[in-house]
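Engineer: one predicted model, sequence on top.
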Amino acid sequence: MTLNVKKLVDAELAGQAKESHWVKNVTQVTTAGLWYDLTGSAGNPRAKQWFDAAPLTAAQITQATDGGIYHGANIGSTQSKYLRFLRVACNTATPLPMTLMLCDYLLYYPTIEDGTTDPQVMTNTNTLPRYTNGNGVQMMAVTISSRTGGQQFSVSYTNQAGVAGRTSQIVTQNAAAAPGTITTCATANSFSPLSPFIPLQDGDSGVRSVESVTMLGADTGFFAIVLVKPLATTMIRGIDAPYDKDMLLFANELERVYDDAYLSLVALPNGSLSGLAVRGTLKTVWN
């Protein structure tokens, strides 16, 4: 998206900006090298759990109904809002260095069972509230309750072009017990084990909806699939200072933040986050 930098800076100087502070207090014993969804942790914003919708039924996530990191009020169709600045910090070295990814959380499918190999078919009465064409939207499997680990599954979905019946890469589940752990990370797959997202079928760049999930072997446990749009990635390297990312200087382009977007983060710690606080600041600007 082409932006006029001068107009954007003038808008910020004129007060068309919102700066919000956030803190997430983690109580779960997380695992080094596994992505963890901070959304379910207490603090500001309040925790958003993945248990509060009908099983296998798509539920929308919005700022108005669920909260998330506050990015300002809705601005309507005559202006556009952008992510301007992101600051992150942790005052304990145990999980550092730690990568964090800011995402717009869009839609989730709760209570997917590990214990059946029958296709689990989703109900899609609700559709994407933002990024409705699916471009850049990714699938993230979030653990609800623990499992033995090692079982595999695949996802049938509709891609960014509206083509149904696409099939994800086969992914393997880890054995991490903490709710909020990304189920498929750091396992022996043919793709990068460091990604929090389920790899799509070759040629696809996004997801509009999930059609079904099929376990290739049974286990105990439950997970949810959450559709997110990644907005920014940063890293906390040490406890000596917060880490700032000025999107106007250090990003290829400013990511748009849509009205009613639900913003939250996933983290990749190098040690347990239990008992620690991860905090930061987010600024948006609009013109």
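Structural biologist: Noted; the coordinates are in hand. Numbering: from 1, shown residues only.
Engineer: which element, helix or strand, includes L107?
Structural biologist: strand 98-113 (DSSP states H and E).
Engineer: just checking, what packs against that strand?
Structural biologist: strand 59-60, strand 81-90, strand 207-215, strand 222-236, strand 262-268, strand 277-286 (3 or more CB pairs under 8 Å, 6 or more residues apart in numbering; DSSP states H and E). For glycine as for every other residue, the C-beta is placed from the backbone atoms N, C-alpha and C.
Engineer: for N159, find the nearest of these.
Structural biologist: strand 207-215 (6.4 Å; CB to CB).
Engineer: and the angle for that closest one with strand 222-236?
Structural biologist: 120 degrees (axes from the mean of the first three to the mean of the last three CA atoms, to 10 degrees).
Engineer: rounded mean pLDDT for strand 207-215, please.
Structural biologist: Averaged across strand 207-215, the pLDDT comes to 98.
Engineer: centre of the chain to the helix or strand following the strand holding L107, how far?
Structural biologist: Using DSSP H and E, the helix or strand that follows strand 98-113 in sequence is strand 120-121. Centroid separation between strand 120-121 and its chain, computed with CA atoms, centre = their mean, to the nearest Å, is 22 Å.
Engineer: swap in stretch 3-22?
Structural biologist: 25 Å.
Engineer: buried residues in it?
Structural biologist: L8, A11, E12, Q16, A17, K18, S20, W22 (16 or more other CB atoms under 10 Å).
Engineer: helices - which of those residues land there?
Structural biologist: L8, A11, E12 (DSSP state H).
Engineer: closest one to C185 out of these, please.
Structural biologist: L8 (35.3 Å).
Engineer: from memory the closest one sits against R256, does it?
Structural biologist: No: L8 is not in contact with R256 according to CB atoms under 8 Å; the separation is 12.0 Å.
Engineer: quick check: neighbours shared by the two?
Structural biologist: Counting by CB atoms under 8 Å, 6 or more residues apart in numbering, the contacts common to L8 and R256 are Y82.
Engineer: which helix or strand in the chain has the lowest average pLDDT?
Structural biologist: None of the helices or strands of the chain scores lower by mean pLDDT, DSSP states H and E than helix 247-250, at a mean of 87.
Engineer: that one: how far from the chain's middle?
Structural biologist: The answer for helix 247-250 is 21 Å, by CA atoms, centre = their mean.
Engineer: check stretch 235-243 too.
Structural biologist: 21 Å.
Engineer: and it, what's buried?
Structural biologist: Going by neighbour count (16+ other CB under 10 Å), the buried part of stretch 235-243 is I236, Y243.
Engineer: can you get me the start-to-end distance on it?
Structural biologist: 7 Å (CA to CA, to the nearest Å).
Engineer: can you pull out the low-pLDDT segments for the stretch 101-250 of the chain?
Structural biologist: The stretch 101-250 of the chain contains residues with pLDDT under 70 at 187-193.
Engineer: quick one: contacts for the nearest residue to G165 once chain neighbours are set aside?
Structural biologist: Distances taken as CB to CB, 6 or more residues apart in numbering put S156 closest to G165, at 6.2 Å, once the chain neighbours are dropped. Residues counted as contacts of S156 (CB under 8 Å, 6+ apart) are P119, G165, R166, T167, S168, V210, E211, S212, V213, T214.
Engineer: try it again at 6 Å.
Structural biologist: T167, E211, S212 (CB atoms under 6 Å, 6 or more residues apart in numbering).
Engineer: the first one - how many residues pack around it?
Structural biologist: I take that to be T167. Neighbourhood size, T167 [other CB atoms under 10 Å]: 15.
Engineer: what's across from it in the sheet?
Structural biologist: Beta-bridge pairing for T167 (DSSP bridges): S156.
Engineer: check the last one too.
Structural biologist: For S212, the residues forming beta bridges with it (DSSP bridges) are V121, S156.
Engineer: next one: N124 from V226, what distance?
Structural biologist: 15 Å (CB to CB, to the nearest Å).
Engineer: show me which of those two is the more surrounded one.
Structural biologist: Legend: neighbour count by other CB under 10 Å for N124 and V226, higher for V226 (27 against 17).
Engineer: surely that one meets Q138?
Structural biologist: No: using CB atoms under 6 Å as the test, V226 is too far from Q138 to be in contact (9.2 Å).
Engineer: quick revisit: CA atoms of the strand holding L107 as PDB?
Structural biologist: Extracted in PDB, the C-alpha atoms of strand 98-113 (Å, rounded to 0.1, in the frame of the first residue of the first chain):
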ATOM      1  CA  MET A  98      12.700 -14.100  22.600                       C
ATOM      2  CA  THR A  99      10.900 -13.500  19.300                       C
ATOM      3  CA  LEU A 100       7.400 -12.000  19.400                       C
ATOM      4  CA  MET A 101       4.900 -11.700  16.600                       C
ATOM      5  CA  LEU A 102       2.000  -9.300  16.600                       C
ATOM      6  CA  CYS A 103      -1.100 -10.600  14.900                       C
ATOM      7  CA  ASP A 104      -4.600  -9.600  14.100                       C
ATOM      8  CA  TYR A 105      -6.700 -12.500  15.500                       C
ATOM      9  CA  LEU A 106      -9.700 -13.000  13.200                       C
ATOM     10  CA  LEU A 107     -11.600 -16.300  13.700                       C
ATOM     11  CA  TYR A 108     -11.200 -19.500  15.700                       C
ATOM     12  CA  TYR A 109     -12.500 -23.100  15.700                       C
ATOM     13  CA  PRO A 110     -12.600 -24.500  19.200                       C
ATOM     14  CA  THR A 111     -12.500 -28.000  20.800                       C
ATOM     15  CA  ILE A 112     -10.900 -30.000  18.000                       C
ATOM     16  CA  GLU A 113     -10.400 -33.500  19.400                       C
END
